[in-house]
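Asker: Sequence first, predicted coordinates after that:
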Amino acid sequence: RLPLRFPREWPAAFKSAPLKRLLNKSMLNGVRCRAVPPPTAAEHAAAAGVVLEPLHSFSNAERVAAASGWAVVKGFWVFELADAPPSASFVAVRHWWN
């Protein structure tokens, strides 16, 4: 199992060469980066009844959009490798959300 975590030293981690390389010079071609807060109770309620499957962000986002009318946001989760030195090694996982 790969130990991943939210990037340490946030938002200063954006200045680290490994993260800059991942965001700007890879397939990501990062334009906007932001930390997204967890859903509120009202947002949870709006999606109540939608069947969600673990690790299926694409179909989950489409189901929630169909039920709630929310737009689907397509992007990446960016994690830091937890057992590497701070701001030294990152990984991106394609992810959709609403």
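Answerer: Cool, the structure landed.
Asker: make it CA atoms for all contacts and neighbour counts henceforth
Answerer: Fine.
Asker: Show me the beta-bridge partners of residue 96.
Answerer: Per DSSP bridges, the residues bridged to residue 96 are residue 74.
Asker: didn't it look like it was pressed against residue 76?
Answerer: Yes - with contacts counted by Cα atoms under 8 Å, residue 96 reaches residue 76, the gap being 7.5 Å.
Asker: quick one, strands of this protein?
Answerer: Ranges of strands in the chain, per DSSP state E, are 4-5, 73-81, 90-97.
Asker: Could you export the longest one as PDB, CA atoms only?
Answerer: Coordinates of each C-alpha in strand 73-81 appear next as PDB, following Å, rounded to 0.1, in the frame of the first residue of the first chain:
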ATOM      1  CA  VAL A  73     -15.400  19.000 -12.300                       C
ATOM      2  CA  LYS A  74     -12.700  17.000 -14.000                       C
ATOM      3  CA  GLY A  75      -9.200  17.100 -12.600                       C
ATOM      4  CA  PHE A  76      -6.700  15.400 -10.300                       C
ATOM      5  CA  TRP A  77      -6.100  14.700  -6.700                       C
ATOM      6  CA  VAL A  78      -2.500  15.600  -5.800                       C
ATOM      7  CA  PHE A  79      -1.000  13.700  -2.900                       C
ATOM      8  CA  GLU A  80       2.500  13.700  -1.300                       C
ATOM      9  CA  LEU A  81       4.200  10.500  -0.600                       C
END
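Asker: Can you list the buried residues in it?
Answerer: Within strand 73-81, the residues that count as buried by 16 or more other Cα atoms under 10 Å are 75, 76, 78, 79, 80, 81.
Asker: which residues sit against that strand?
Answerer: Strand 73-81 is contacted by residues 2-8, 28, 87-98 when judged by Cα atoms under 8 Å, 6 or more residues apart in numbering.
Asker: excluding its backbone neighbours, what's nearest residue 52?
Answerer: Of all residues not flanking residue 52 in the chain, residue 60 sits nearest, at 5.5 Å (Cα to Cα, 6 or more residues apart in numbering).
Asker: Near that neighbour, how many other residues are there?
Answerer: 20 (other Cα atoms under 10 Å).
Asker: gap between it and residue 80?
Answerer: Using Cα to Cα, to the nearest Å, we find residue 60 at a distance of 24 Å from residue 80.
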